[in-house]
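In: Here's a sequence, model it:
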Amino acid sequence: MQQVPLSEKLFHGAVSLEKTKEYMKPWRIPFDIKEFYPPNGISGQAELPAGVRIKLRSNTQSIKIEIAEATEFMEMDCLIDGTLVKTAYLSAGETMVSFDSLPGQSKLIEIYLSQRLPVPISGIWIDEGAEWELVEDSRLRWITYGSSITHCYYSDSPSQTWPALAANKMDFNLTSLGYSGNCHLEPMVARMIRDMPADFISICAGINIVGGNTLSERTFSPALIGFIQTIRDVHKNVPLVVISPIFHREREKSENEVGLSLEKVRTEIVQVIDMLKRHGEQNIYYIDGLEMFGEEFEKYLPDGLHPNGAGDKIIADRFQQLIEAHAAIISKKEIPS
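Out: Reported below is the predicted structural model:
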């Protein structure tokens, strides 16, 4: 087999790459200033490559991905021209995963990396003599920020997280900033989004803020306003959607130690968006998380909080419907200049 030289242009959906002599590892924060994202790179979640994929066009009939070492069981997906054809598995200690019996014609190959573990890539191999080329992704650039509901640790496989499913259906170039156990409206994440190219931005915040008692009735709205306004320093007219929390029975009405419940968070988000519109904001939209995933879908929450694979598919479908209904950003010509 022939080795494809590792290159930044092979990786899509990453914020940065950690480069050593042995591997390239995608991160979802700037690796060189990871200490600016405490604790420990957003609690260690930023080096888990949710939504990150290796992408090339080739007529190869097999592709092998070599990693430094799987520390635990992990999965990777292979999509051909946007269709999932195989999920492959690595056990702890393994270093190579293979996707074989691929169509012989030239095709777009996307390898979705595990969203559950760091994935240091040490080699990519295709058939000897096969042709290949790097791929530029000219689709609308969608950045989505959220918690474990966006990270989707419990999805069926890496390409079946709800953001990946929605991006594939809506033909978006996805960067997923879902950080399990986090999403506390971190100012450095707002600055990072501000400085990234984007055609569409979505924010889903509140569930861990309530669960972790990290913001109160006094501080939640100011933090949300500051987060949005930091993004607007650069992305002044980019469509921005704020999604309130999906259904979680335990936190719906019960106030936490600092006086917040999910019901109160939804009310405050609406008030913030209405206020911004009164002050001239023309391209901000609200999606009620209960419209995306309400009480009627509770059976798809095995632990009462995190959607399973079927739940992710529901969220992806509902998100597409709501975006098409409320934001009308499906074609590039509809993006304001």
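In: Can you get me a residue count around Pro239?
Out: 24 (other Cβ atoms under 10 Å). Glycine gets a C-beta too; all of them are placed from N, C-alpha and C.
In: same question, Gln105
Out: Burial of Gln105 is recorded as 10 neighbouring residues (other Cβ under 10 Å).
In: unless I'm mixing things up, it is touching Asn59, no?
Out: Yes: contact criterion Cβ atoms under 8 Å: Gln105 and Asn59 qualify, at 6.0 Å.
In: Cross-check the contact I'm expecting between Asn168 and Ser159.
Out: Yes: between Asn168 and Ser159 there is a contact under Cβ under 8 Å: 7.4 Å.
In: In terms of neighbours, single out the busier of those two.
Out: Ser159 (26 against 18).
In: in a strand, that's where the more buried one is, yeah?
Out: No: looking at Ser159 with DSSP: H, G, I helix; E, B strand; the rest coil, it is helix, so not inside a strand.
In: how close does it sit to Asn208?
Out: Note on Ser159: its distance to Asn208, by Cβ to Cβ, to the nearest Å, is 25 Å.
In: Spell out, range by range, the helices that occur in this protein.
Out: Secondary structure of the chain (DSSP state H): helices at 40-43, 148-151, 162-170, 187-194, 207-212, 220-232, 262-278, 289-292, 309-326.
In: among those helices, which is the most enclosed?
Out: With neighbours defined as mean count of other Cβ atoms under 10 Å, those peak in mean count at helix 148-151, which reaches a mean of 25.
In: Can you verify my assumption that Tyr285 contacts Leu240?
Out: Yes: if you go by Cβ under 8 Å, Tyr285 and Leu240 touch, sitting 7.2 Å apart.
In: Which of the two has more residues huddled nearby?
Out: Neighbour totals were compared for Tyr285 and Leu240, and Leu240 leads with 23 against 19 (other Cβ under 10 Å).
In: How confident is the prediction for that one, by pLDDT?
Out: pLDDT recorded at Leu240 is 96.
In: list the contacts for it?
Out: By Cβ atoms under 8 Å, 6 or more residues apart in numbering, the contact set of Leu240 is 201-203, 228, 231-232, 283-285.
In: what about Ser16, neighbour count?
Out: Using other Cβ under 10 Å, Ser16 has 19 neighbouring residues.
In: and if you look at Phe36?
Out: Neighbour count for Phe36, taken as other Cβ under 10 Å: 14.
In: for Arg218, same thing?
Out: By the criterion of other Cβ under 10 Å, Arg218 has 10 neighbours.
In: ok, it to Gly206 distance?
Out: Remark: distance between Arg218 and Gly206 (Cβ to Cβ) = 15 Å.
In: And Gly13, by the same measure?
Out: 24 Å.
In: Then Lys236?
Out: Between Lys236 and Gly206 the distance is 25 Å, computed by Cβ to Cβ.
In: The two: which has the busier surroundings?
Out: Legend: neighbour count by other Cβ under 10 Å for Lys236 and Gly206, higher for Gly206 (32 against 11).
In: What pLDDT is listed against the more buried one?
Out: Residue-level confidence at Gly206 comes out at 97, pLDDT.
In: I figured it hits Val242, correct?
Out: No: using Cβ under 8 Å, Gly206 is not in contact with Val242; the gap is 9.6 Å.
In: Now do the shared contacts for those two.
Out: Listed contacts common to Gly206 and Val242 are Ile269; contacts here mean Cβ under 8 Å, 6+ apart.
In: Test my guess that Pro187 contacts Gln229.
Out: No: applying Cβ under 8 Å, one finds Pro187 not in contact with Gln229, separated by 11.0 Å.
In: Report the contact partners of Gly275.
Out: Actually, residue 275 is Met rather than Gly. Met275 sits in contact with Ile225, where contact means Cβ under 8 Å, 6+ apart.
In: Could you give the number of residues near Glu136?
Out: If we define neighbours as other Cβ under 10 Å, then Glu136 has 9 of them.
In: ok, it to Leu215 distance?
Out: 40 Å.
In: related to what we said a few turns ago, overlap in contacts, Asn168 and Ser159.
Out: Common contacts of Asn168 and Ser159, defined by Cβ under 8 Å, 6+ apart, comprise Leu79.
In: related to what we said a few turns ago, now the helices of the chain as TSV including distance to Tyr112?
Out: Compiled in TSV, the helices of the chain are given as follows (distance: least, Cβ to Cβ, whole Å):
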stretch	distance to Tyr112
helix 40-43	21
helix 148-151	14
helix 162-170	7
helix 187-194	22
helix 207-212	25
helix 220-232	27
helix 262-278	31
helix 289-292	23
helix 309-326	14
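In: Gly82: which of these is closest?
Out: helix 162-170 (5.9 Å; Cβ to Cβ).
In: by how many degrees do the closest one and helix 309-326 diverge?
Out: Here the directions of helix 162-170 and helix 309-326 differ by 50 degrees (axes from the mean of the first three to the mean of the last three Cα atoms, to 10 degrees).
In: Packing partners of helix 162-170?
Out: Judged by 3 or more Cβ pairs under 8 Å, 6 or more residues apart in numbering; DSSP states H and E, helix 162-170 is in contact with strand 140-146, strand 172-178, helix 309-326.
In: strands paired with the first one, and their directions?
Out: When you say that, I think you mean strand 140-146. With DSSP bridges as the test, strand 140-146 is paired with strand 172-178 (parallel), strand 200-204 (parallel).
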